[in-house]
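Peer 1: with the input below, show me the fold.
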Amino acid sequence: MCFNGSTNDQVSFKSQDSFFFRYLASVCGVNDLDFSYRIGMSIASKIVIEVCLSIWSVTRPERIPKLTKEQWELTALEWERTANFPH
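Peer 2: Okay, here's the model as predicted:
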């Protein structure tokens, strides 16, 4: 949960989610949206960073698994075969 520096009020999780999804859905930058949510630029930037890091930490292990040595070697052999480009 972020703190609004001017009033020391907390920005709720619901507001953070709302801001983040509006940011993703629009072509606006953080500096364009902070005014409509009445939060400062630094708080808006922190919300985007915090939510991105949370999404990354939850989805990374399942979407990008840690490869074993055998999997790396298989990938290298397939790359050499299909691309005809030895590494």
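Peer 1: nearest residue to Leu67 in space, ignoring adjacent ones along the chain?
Peer 2: Thr75 (7.5 Å; CB to CB, 6 or more residues apart in numbering). Every C-beta, even on glycine, is put in place using the N, C-alpha and C of the backbone.
Peer 1: give me the neighbour count for that neighbour.
Peer 2: 11 (other CB atoms under 10 Å).
Peer 1: all strands of the protein, in order?
Peer 2: 2-3, 10-11 (DSSP state E).
Peer 1: lowest-confidence stretch among those?
Peer 2: In terms of mean pLDDT, the lowest-scoring of those is strand 2-3 (a mean of 44).
Peer 1: could you point out the longest helix of this protein?
Peer 2: helix 41-63 (DSSP state H).
Peer 1: what helices or strands is that helix leaning on?
Peer 2: Applying 3 or more CB pairs under 8 Å, 6 or more residues apart in numbering; DSSP states H and E, one finds that helix 41-63 makes contact with strand 2-3, helix 13-25, helix 30-33.
Peer 1: which of the residues in that helix are buried?
Peer 2: By neighbour count on 16 or more other CB atoms under 10 Å, the buried set for helix 41-63 is 43-44, 46-48, 51.
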